[in-house]
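Chemist: let's see this in three dimensions:
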Amino acid sequence: MSKRRLVEICYGKHDVNLLALAQEVSAARADVRVTHLREIGSSAYVIDRGAVPADCAMVLHPSAGGTTWRSAMTHMTTGRLLNRTALSYPDVGDKLWQQKQVAAAESRLAIETRRIAEVSAAEVDFPVIVKPARGTCGEGVRIVVDSAGLADQQGDQLVVQPYVRNHGDWRVVVIGGRAVSAIRRHARPGVVTNNIATGGFAYAERDGEILGRVFGVAEQVASILKFDYVGIDVIQDLDDGSLLFLEANEFPTFETSQILTGVNIASVLVGHLLDGDLFE
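Modeler: I've put the predicted structure just below:
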């Protein structure tokens, strides 16, 4: 009888995503071990874990886990570690770094992005978007319409982008190099971001032609940034119709996408962890 494989899920908060993943690991006839990120590296964790390494591992909600877990995670499994690149290089969460990588490889997909300290109001075509380089869930994103407003924005970690006129954006989940779902998000009236966390709403994108184009952009960006699991945000410029890379979430949650699209993302993700490149 073959040995049951062990999947380790390290989490920052207990939520539906964690429950769904644990259920799919069980359905795949593997064992699951869940560990809070604060425990990683502690003596209690080493004792509880014993000498049994996981066959594969992944991280949920890393912002809740402090600073020591990132390096520790790279030694937690003998097999696949989801988003090993993201764990090895902390800069992957920086929106400026992301845009620079995409611009260098495929400039037509990138949005010009600069640190606010490097921007002069005299050279800016207003309006512009100012946002935290490492922000999540649309927090801290604002539209600035003139030089006085730009002068009011302070912070070394803020970045500036040209405002892209849009009718919403797409959140695309990419696993193992293949886009598996897309939801279209729309902003609440009076709000600049399309994020659900800031009051936006969303629905599953069903138009096959649009899906093909959006999936293509997301898969290309995921490859450039070397993510094997990522949420890629794609936006369409209403002025010229082009699709642009907005930002990447290297540790995305999937609950909303799974509910709206009907795609069992937890199952696909666990399959990728256990069996590698599912789509080849």
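Chemist: okay, buried residues for stretch 113-121 please.
Modeler: Going by neighbour count (16 or more other C-beta atoms under 10 Å), the buried part of stretch 113-121 is 113, 116, 119. Where you see a C-beta, it was placed from the backbone N, CA and C, and this is true even at glycine.
Chemist: tell me the centre residue of this protein?
Modeler: What sits nearest the mean C-alpha location of the chain, by C-alpha atoms, centre = their mean, is residue 249, with 1.6 Å.
Chemist: isn't that residue up against residue 137?
Modeler: No - the pair residue 249 / residue 137 is not scored as a contact, 9.3 Å apart, by C-beta atoms under 8 Å.
Chemist: just to revisit the earlier point, any idea how far residue 241 is from the residue nearest to the centre of the chain?
Modeler: The spacing between residue 249 and residue 241, counted by C-beta to C-beta, to the nearest Å, is 25 Å.
Chemist: now do the strand or helix carrying residue 80: which elements does it pack against?
Modeler: Here residue 80, judged by DSSP states H and E, is contained in strand 77-81. Packed against strand 77-81 by the contact rule (3 or more C-beta pairs under 8 Å, 6 or more residues apart in numbering; DSSP states H and E) you find strand 54-60.
Chemist: and the nearest residue in space to residue 60 that is not next to it in sequence, what's its pLDDT?
Modeler: Excluding its sequence neighbours, the residue lying closest to residue 60 (C-beta to C-beta, 6 or more residues apart in numbering) is residue 11, at 4.4 Å. pLDDT for residue 11: 88.
Chemist: quick one on the thing from earlier: is the residue nearest to the centre of the chain bridged to anything, and to what?
Modeler: For residue 249, the beta-bridge partners are residue 231 (DSSP bridges).
Chemist: list the buried residues in the strand holding residue 80.
Modeler: 77, 80-81.
Chemist: how far off centre is that strand?
Modeler: Its chain's average C-alpha position is 21 Å from that of strand 77-81, according to C-alpha atoms, centre = their mean, to the nearest Å.
Chemist: picking that back up, let's have the buried residues of strand 77-81 in JSON lines, adding pLDDT.
Modeler: Below are the buried residues of strand 77-81 laid out as JSON lines (pLDDT from 0 to 100):
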{"residue": "77", "pLDDT": "80"}
{"residue": "80", "pLDDT": "88"}
{"residue": "81", "pLDDT": "88"}
